[in-house]
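Peer 1: Structure for this input, please:
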Amino acid sequence: MAALSSYTVSDGQLVLTLEPAEEGGFVVTSPDDPELVTQAGTLEEAFANARDAADALHESRNAVELPSPPRCASASPRLGCGAEWLDMLRTGEKLLLAGLRREVGPNGDLRVAYRRWYREQMDEHDRLVSSSYDRLHAAIAERGDAP
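Peer 2: Purely as a prediction, here's the structure:
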């Protein structure tokens with residue numbers, strides 16, 4: 001009998017998908033939030049890490065101001081340019097997925113490719129934030145304002 005490649009579990013509040021990780025443990029995602037990705041060694045750790053990740057996502061989403069939609073000719077008094085803005089976001093997502101599909105080929109795993117792309121984006125984000133912090137700290141120290 002072949003081993004399952006993923007498990008869907010719930011504690012009554014959170015639904016998670018656990019997939020065995022190459023290095024051991026599990027890659028933990030949630031069908032309720034495609035941006036929630038973490039790792040864990042046990043089921044209990046999966047729920048704890050997923051809750052931490054969900055809290056961090058919630059905080060970051062609340063802290064980030066999204067750019068205003070562009071003005072559009074078809075703006076309705078009730079919806080504004082929301083339809084065009086949403087269409088633009090969906091088009092960007094389709095382009096990303098099309099590029100990833102092309103990269104993995106017809107038999108490739110699109111979910112794995114998306115997770116890899118997302119991890120690379122987050123790694124680059126972390127490098128940029130760290131670099132910005134280092135430059136800011138150096139500038140403050142240079143001015144003599146360091147605490």
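Peer 1: Report the buried residues of the helix or strand that Leu18 is a member of.
Peer 2: Following DSSP states H and E, one finds Leu18 within strand 15-20. By neighbour count, with 16 or more other Cβ atoms under 10 Å as the criterion, the buried positions of strand 15-20 are 16-18. (Each C-beta comes from the backbone N, C-alpha and C, glycine too.)
Peer 1: got the CA coordinates for that strand in PDB?
Peer 2: These are the backbone C-alpha positions of strand 15-20, laid out as PDB (Å, rounded to 0.1, in the frame of the first residue of the first chain):
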ATOM      1  CA  VAL A  15      -8.000  23.100   8.700                       C
ATOM      2  CA  LEU A  16      -4.400  22.200   7.700                       C
ATOM      3  CA  THR A  17      -2.800  20.100   5.000                       C
ATOM      4  CA  LEU A  18       0.400  18.300   6.000                       C
ATOM      5  CA  GLU A  19       2.800  17.100   3.300                       C
ATOM      6  CA  PRO A  20       5.900  15.100   4.200                       C
END
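Peer 1: what residues does stretch 119-129 touch?
Peer 2: Val37 (Cβ atoms under 8 Å, 6 or more residues apart in numbering).
Peer 1: Then stretch 8-17?
Peer 2: Where contact means Cβ under 8 Å, 6+ apart, the residues beyond stretch 8-17 that reach it are 6-7, 18, 28-32, 43, 46-47, 50-51, 54.
Peer 1: Return the subset of those residues lying in helices.
Peer 2: 43, 46-47, 50-51, 54 (DSSP state H).
Peer 1: where does this structure dip in pLDDT?
Peer 2: By pLDDT under 70, the low-scoring segments of the chain are 1-4, 64-86, 145-147.
Peer 1: Show me the helices in it, by range?
Peer 2: Under the criterion DSSP H, the chain contains helices at 43-63, 82-104, 110-143.
Peer 1: okay if I get the ones you listed as CSV plus distance to Gly24 and mean neighbour count?
Peer 2: Output for the helices of the chain, formatted as CSV (distance: least, Cβ to Cβ, whole Å; neighbours: other Cβ atoms under 10 Å):
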stretch, distance to Gly24, mean neighbour count
helix 43-63, 12, 14
helix 82-104, 24, 12
helix 110-143, 17, 11
